[in-house]
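Novice: Mind looking at a prediction? Sequence and model below.
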Amino acid sequence: MSNGERNRWARAGLSRLMEPNDLTGLALVAVAGAEEAFRLVAGHTGPAPAAERQAVAELLADGSATKAEHRLDAGLQRWRPRAADCAPARDLETMRRLGGGLLVPEDPGWPEQFDALGLSAPLCLWWRGRTGPESLPGVRDLMAIVGSRDATEYGRHVTAELAARVVASGVTVVSGGAYGIDARAHESALSVESRDLGAPGPATPGASDECPAPRTIAVMAGGLDRFYPAGNEELLRRVAADGALIAEVPPGTAPTRWRFLQRNRLIAGLCAATVVAEARWRSGALTTARRAAEMGREVGAVPGSVFSANSAGCHRLLREGSAVAVTDAAEALELLGERRGHAEQATSGAAAREHASARQHDGLDIQDLLLLDALPVRTASTPDKLATVAGLGIGAVLGGLSRLEDRGLARRVGQGWQRGGD
């Protein structure tokens, strides 16, 4: 096995052992390399070597990761219970059979724009579809269009107009494959006929007449062996047939609340611009927009009625100065800057109406959120099993179950636990 194959194998395995954006794991890979990190987790017992512990601690000390759960030994306690189910060869073969594969940072087609995520850049990208790594558009040819799942007719109409005209200009639309705004963005992008595609900007690297740039790409929160949500299966099959589905988790991985939240940073990091078409005050789409703004990417928001709760999130972004107003496709394309020619951008504010009370799970820390996602709804699961599913140590699970029970989010059933009110 060549060095490149060993690295690919290791990153595939680590993507199963570690949750997305596990800073401790990403720090270990940064200081020791993927192969050594995989060996330390899956093929080593006992505490981590002192040199690795010190290097990881120093790297994390440069950022905000200072809690006890970010120590390397705590990370090993989270990851090792998953080692029994770690089979990189199986996962790679599964994706090969599905017409996809694995992209790693050392590959020529790796999106260099992920460098802006710093330590939070993904370990790898699993992909499925027509568009292989060599044909992924450059960052200036990618625009994210995101928003709430419970879209209004206004939001769906605006999204359809934006996506279709952006794609007709030669830009690929990126979204998350969910219901509502995401689905409408993908559908509208796919409705643009190949003969209608223009190319005002520079040619997309890797694209050709035989393999044109994809009209749309979906970034998923779960494994690509299944289409989620099930109601969008036909749509997601069409997205894969035209372009690609991508994810940072291996096949067989269920989408969870934590994985959805972390998926948003990939959408933001992949694209030169993000447009929020319609979003409530607390919508996850605002997370995508803020991550994009943190990286210095352009962010736009479509204003709506000041009486519409579904547009309160867009108005919030505008009022905070995180986004500029986008009212048509031309203004959306201006966000791509030099690719389309610079145009003067005017920021616009709107009155924001605070909406929705905090949900029960708001305010949970990362470990309790992972544990909540691991709790079954109908059956009961033991703490040991929950530790494996959530990727947490048994101490964190026992403490977390007590806190979730206090909130009514978990309840004891016999010798096990299941989800309470959510």
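Specialist: Arrived safely, thanks for sending. Being a predicted model, the structure only gives us computed values, none of them experimental. Numbering: from 1, shown residues only.

Novice: and the spatially most central residue of the chain, helix, strand or coil?
Specialist: Against the mean C-alpha coordinate of the chain, by CA atoms, centre = their mean, the closest residue is residue 263 at 1.1 Å. Here residue 263 is recorded as helix under DSSP: H, G, I helix; E, B strand; the rest coil.

Novice: who touches the residue nearest to it when sequence neighbours are not counted in this structure?
Specialist: Leaving out its chain neighbours, the residue that sits closest to residue 263 by CB to CB, 6 or more residues apart in numbering is residue 221, at 4.3 Å. Bear in mind the C-beta positions are built from the backbone N, C-alpha and C, glycine included. Contacts for residue 221 (CB atoms under 8 Å, 6 or more residues apart in numbering) come out as 176, 228, 247, 249, 255-256, 259-260, 262-263.

Novice: Now do the strands in the stretch 51-200 of the chain.
Specialist: Counting by DSSP state E, counting those that start in this stretch, the stretch 51-200 of the chain has strands at residues 100-103, 125-129, 142-147, 172-175.

Novice: For the longest one, give the mean pLDDT please.
Specialist: On average, the pLDDT along strand 142-147 is 98.

Novice: Now tell me what touches that strand from outside.
Specialist: Residues outside strand 142-147 that contact it (CB under 8 Å, 6+ apart): 155, 159, 162-163, 166, 171-176, 180-182, 185, 217, 264, 267-268, 270-279, 283, 285, 288-289, 292, 332, 335-336.

Novice: Assign the residue nearest to residue 263 to helix, strand or coil.
Specialist: Per three-state DSSP, the secondary structure class of residue 221 is coil.

Novice: how far away is it from residue 259?
Specialist: Distance, residue 221 to residue 259, using CB to CB, to the nearest Å: 4 Å.

Novice: what residues are shared contacts of these two?
Specialist: Residues within reach of residue 221 and of residue 259 at once, by CB under 8 Å, 6+ apart, are residue 249.

Novice: Okay, helices next: where are they in the stretch 301-422 of the chain?
Specialist: Secondary structure of the stretch 301-422 of the chain (DSSP state H, counting those that start in this stretch): helices at 312-320, 329-334, 366-374, 383-390, 394-406.

Novice: Same list (those helices) but as TSV, adding distance to residue 149.
Specialist: Formatted as TSV, the helices of the stretch 301-422 of the chain follow (distance: least, CB to CB, whole Å):
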stretch	distance to residue 149
helix 312-320	12
helix 329-334	21
helix 366-374	18
helix 383-390	25
helix 394-406	24
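
Novice: of the ones you listed, which approaches residue 44 most closely?
Specialist: Each of the helices of the stretch 301-422 of the chain has some distance to residue 44 by CB to CB; the shortest is helix 383-390, at 18.2 Å.

Novice: could I have the closest one exported to PDB, CA atoms only?
Specialist: Output of helix 383-390 as PDB, limited to C-alpha atoms (Å, rounded to 0.1, in the frame of the first residue of the first chain):
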ATOM      1  CA  PRO A 383     -25.100   4.000  29.200                       C
ATOM      2  CA  ASP A 384     -22.400   1.800  27.700                       C
ATOM      3  CA  LYS A 385     -24.200   1.700  24.400                       C
ATOM      4  CA  LEU A 386     -24.900   5.400  24.500                       C
ATOM      5  CA  ALA A 387     -21.200   6.100  25.100                       C
ATOM      6  CA  THR A 388     -20.300   4.200  21.900                       C
ATOM      7  CA  VAL A 389     -23.000   5.800  19.800                       C
ATOM      8  CA  ALA A 390     -22.400   9.300  21.100                       C
END
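
Novice: and residue 18, how many residues sit next to it?
Specialist: Residues contacting residue 18 under the criterion other CB atoms under 10 Å number 25.
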